[in-house]
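A.B. asks: Only the shape, not the letters, is given here:
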């Protein structure tokens with residue numbers, strides 16, 4: 001690597017002398033979308049979703065998670081994200097260890113083993129695993145490019161992403177395993193993998209789906225439990241007279257969203273939410289709560305903020321000063337987009353219910369904190385891209 005010429009600000013990429021000066025270089029559109037979604041989440045949790053009937057105080061807890069998450073986001077925005085590249089093996093091993101640990105010792109809740117009980121909240125390792133996987137895979141891709149052929153890179157990276165995805169699916173947590181696979185495929189795409197490789201991967205995925213859903217049950221070896229099948233097919237049968245638990249949830253979500261109309265019924269008249277007809281209203285179905293309470297207007301604002309968030313992530317991908325930053329930005333964009341698409345699609349009844357949270361909106365410490373950590377890494381990529389551009393052009397940043 002050639003050394004940059006001396007500039008009025010020093011040699012190489014300019015480093016701000018003041019932490020405050022660096023924070024002033026944040027992507028404020030990204031920050032606006034982040035704070036907007038957080039505010040909407042807290043308002044929604046404080047409206048029709050309240051701490052009545054002995055329920056937890058969701059608002060106070062969510063605020064605590066947000067404060068911790070924002071602190072970590074601003075801290076990561078000041079750190080050189082390329083340092084994570086040197087820790088790739090440790091990050092990957094940590095991710096695998098946490099997933100195995102929760103399978104071995106995690107508490108069983110509603111048939112799932114996803115959480116580790118901590119003194120202040122329930123920690124979900126698979127949530128943190130999303131970022132650990134992205135940080136590690138992006139570094140592995142860069143290192144493999146120098147030492148392996150293209151088909152070997154694709155096969156090895158897919159294997160590194162598939163193993164934790166299958167372990168998460170065994171918890172079972174289909175939604176998060178889908179995010180793991182989306183991150184893996186996106187990292188390969190941003191790295192420039194040939195379309196023929198993706199065609200081959202698509203063929204393998206289709207064959208696996210046919211085997212799980214058709215061939216294995218026909219052979220008397222069911223690979224999915226009955227409730228898992230119901231989750232995957234309920235959105236196709238939500239009009240049935242006896243839709244089952246999952247179909248009932250979709251029916252109630254449809255009623256809630258439809259009753260909101262243009263401007264919503266308001267917190268006091270949101271009967272689907274207040275009287276608990278809508279299940280999991282503070283987590284999986286919080287978008288339906290927004291639809292009932294604030295109507296099409298509120299839902300449009302939330303989706304617009306998500307669109308801004310994802311657009312900024314894609315914009316930062318194009319600005320990144322190196323391939324590692326581009327891979328991370330692309331992976332974060334894929335992580336956010338997949339979660340929004342699957343969660344909102346499930347609320348609207350056009351996607352299966354997978355239990356995936358809506359980023360920054362759904363109640364939950366692990367999801368909120370990890371999402372803000374991801375956005376902190378994104379801010380770090382943006383800040384350093386601006387520093388690199390300024391140093392190259394010899395321009396002082398404010």
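C.D. replies: Nice, I can see it. Note that the structure is a prediction, hence the values are computed from the model and not measured.
A.B. asks: As a check, name the ranges of all strands in the stretch 51-200 of the chain.
C.D. replies: Secondary structure of the stretch 51-200 of the chain (DSSP state E, counting those that start in this stretch): strands located at 107-109, 112-117, 122-123.
A.B. asks: residues of the second one that come out buried?
C.D. replies: The reference is to strand 112-117. Along strand 112-117, these residues count as buried under the neighbour rule (16 or more other Cβ atoms under 10 Å): 113, 114, 115, 116. Using the backbone N, CA and C atoms, a C-beta is placed for each residue, glycine as well.
A.B. asks: ok, so of these, who is nearest residue 261?
C.D. replies: For residue 261, the closest of those turns out to be residue 114, at 35.9 Å, with distances computed as Cβ to Cβ.
A.B. asks: Verify the stated contact: the closest one with residue 173.
C.D. replies: Yes - counting by Cβ atoms under 8 Å, a contact exists between residue 114 and residue 173, whose distance comes to 5.5 Å.
A.B. asks: Around residue 322, how many other residues sit close by?
C.D. replies: Here the number of neighbours of residue 322 (other Cβ atoms under 10 Å) works out to 16.
A.B. asks: Which residue is the nearest non-sequential neighbour of it?
C.D. replies: Of all residues beyond its chain neighbours, the one nearest residue 322 is residue 82 (7.2 Å), with distances taken as Cβ to Cβ, 6 or more residues apart in numbering.
A.B. asks: Counting neighbours, show which residues of the longest helix along the chain come out buried.
C.D. replies: Here the longest helix in the chain is taken by residue count, with DSSP state H as the criterion, and it is helix 286-319. Using 16+ other Cβ under 10 Å as the test for burial, helix 286-319 gives 286-295, 298-299, 302, 305-306, 308-310, 312-313, 316-317, 319.
A.B. asks: After it, which helix or strand is next?
C.D. replies: Moving toward the C-terminus from helix 286-319, the next helix or strand (DSSP states H and E) is helix 323-348.
A.B. asks: for the record, mean pLDDT for that following helix?
C.D. replies: When pLDDT is averaged over helix 323-348, the result is 95.
A.B. asks: mind checking how far that helix is from the chain centre?
C.D. replies: Taking Cα atoms, centre = their mean, to the nearest Å, one finds the center of helix 323-348 at 6 Å from the center of the full chain.
A.B. asks: Equivalent analysis for stretch 68-87, please.
C.D. replies: Taking the mean C-alpha point of stretch 68-87 and that of its whole chain, the gap between them comes to 17 Å (Cα atoms, centre = their mean).
A.B. asks: Go ahead and name everything in contact with that stretch.
C.D. replies: Outside stretch 68-87, the residues that touch it by Cβ atoms under 8 Å, 6 or more residues apart in numbering are 19, 22-23, 26, 34, 91, 135, 138-139, 142, 322, 324-325, 328, 368-369, 371-373, 375-377, 379-381, 383-384.
A.B. asks: Can you point out the buried residues in that stretch?
C.D. replies: By neighbour count with 16+ other Cβ under 10 Å, stretch 68-87 contains the buried residues 69, 70, 72, 73, 74, 76, 77, 81, 82, 84, 85.
A.B. asks: Turn the residues you listed into a markdown table, including distance to residue 102.
C.D. replies: Supplementary listing: the buried residues of stretch 68-87 in a markdown table, determined by distance: Cβ to Cβ, whole Å:
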| residue | distance to residue 102 |
| --- | --- |
| 69 | 21 |
| 70 | 26 |
| 72 | 21 |
| 73 | 25 |
| 74 | 29 |
| 76 | 24 |
| 77 | 29 |
| 81 | 27 |
| 82 | 30 |
| 84 | 23 |
| 85 | 27 |
